[in-house]
Structures are given as C-alpha cells and as structure tokens.
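Q: how does the following fold in three dimensions:
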Amino acid sequence: MVAKVAEANNVLSKRLRRVPTYDEMAEFLNVNASTVRLLSERIKTPISLDKAMIDQGHMTLQEIMGGPEELIPEKLFEREMMKQGIVKLIETLTEREAEIVRLHYGLSGQTPCSYEEIGKLLKLSRERVRQINGIALSKLKHNTIVNGLKYYVV
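A: Numbers count the residues shown, from 1 in each chain. Sure thing, here's the model as predicted:
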C-alpha cells in the first residue's frame, strides 16, 4: 500500500503540477484520506550522502556516519581496552562517587542524567550531586590509570 501511495503521489504531482492533497490521493486510490495520510507520513524520501547537513558548512552525511573502519578488529579491540580502562578508573572511586559519574555521563549504557535527576534518585540535592561529581573528577584526573587512557583520546 505504501508503494501505491508513493506512485499515486508521483502520478498526481505530474498531472496537477503541485503536491497532491491527501484527499486527492485517497480519491485516486479509492481509500480513506486518513489511510493515505498515515502511509504518507511513513514514506521516507532518500537522502543523499553528499548533501550538506548544515547551511553554513560543508559537512556531509557521509562524513558524519561511521564507516566500515569501526568494524576493523584493531578498532574493536582498542574500544574494548578503553572500556576496561574506564571501568578500572571508576573502581578507584567510592560507591556514591562512581554511581554519580556513571549516571551523569551515561557510562552504564543509559541516557546521561542531569544533577537534578541524579539528586532525586539518590535523595541528594542537585548542588550536592554537583559537588560530589567535581570531587570524583578531581580524583580521576590525578589517577595514574588516566595516563594509559590518554592513548585512546585523539
């Protein structure tokens, strides 16, 4: 049905020399206008990989998207080693500090949380969460494990 709606859109666009309405496409296909509207919203037009993604710049979608180099075994190994280093680094913190850092930066695979959201979860004020996070980051900066992780940062 999606293909029929797309085809009707193309045919009517050529005939009418404008974008057809949902009602016109529904009449052409002999279906409800609401069905045409739902299906039309689901139709995604192709996007060129070479099209500039922002008006002022020249960055293309192809430059933004990850390519096959991310699947190279060396890159996968590197990423795994970095994850292990971060886990070791976080283990040097107290439980509360580690939990706040994990939540704030989304290190457990979750969406990063604001200080206020973390405060509600841990029954602390937003300001206290910010202070604990600052203390934890200060500890992490002075940890020797950080030097090993600098290799992974470009």
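Q: only C-alpha atoms from now on, for both contacts and neighbour counts.
A: Fine.
Q: from residue 146, how far off is the residue nearest in space to the middle of the chain?
A: Nearest to the mean C-alpha position of the chain, by CA atoms, centre = their mean, lies residue 111 at 9.7 Å. From residue 111 across to residue 146, the span is 24 Å (CA to CA, to the nearest Å).
Q: if we can go back for a sec, what's the residue nearest to the centre of the chain in contact with, if anything?
A: With contacts defined as CA atoms under 8 Å, 6 or more residues apart in numbering, residue 111 is in contact with 103, 105.
Q: can you classify it by secondary structure?
A: Under the three-state scheme (DSSP: H, G, I helix; E, B strand; the rest coil), the conformation of residue 111 reads as coil.
Q: that one and residue 127, how far apart?
A: 20 Å.
Q: from memory residue 39 sits against residue 8, does it?
A: No. Taking CA atoms under 8 Å as the definition, residue 39 is not a contact partner of residue 8, at 11.8 Å.
Q: for the two, indicate the residue with more neighbours.
A: Remark: of residue 39 and residue 8, residue 8 carries more neighbours, 19 against 16, as counted by other CA atoms under 10 Å.
Q: remind me which helix or strand that one belongs to.
A: Using DSSP states H and E, residue 8 falls within helix 2-16.
Q: can you name the next helix or strand after that helix?
A: Next helix or strand after helix 2-16 toward the C-terminus (DSSP H and E): helix 22-29.
Q: helices and strands around that following helix, which ones?
A: The helices and strands touching helix 22-29, judged by 3 or more CA pairs under 8 Å, 6 or more residues apart in numbering; DSSP states H and E, are helix 2-16, helix 33-42.
Q: tell me the average confidence for the helix holding residue 8?
A: In this model, helix 2-16 carries a mean pLDDT of 88.
Q: can you get me a residue count around residue 136?
A: In terms of burial, residue 136 registers 20 neighbours under the definition other CA under 10 Å.
Q: and it, which of the three is it?
A: Of the three states, residue 136 takes helix according to three-state DSSP.
Q: specify the next element, helix or strand, located C-terminal of the helix with the most length in the chain.
A: Under DSSP state H, the helix in the chain containing the largest number of residues is helix 73-90. From helix 73-90 onward toward the C-terminus, using DSSP H and E, the following helix or strand is helix 95-105.
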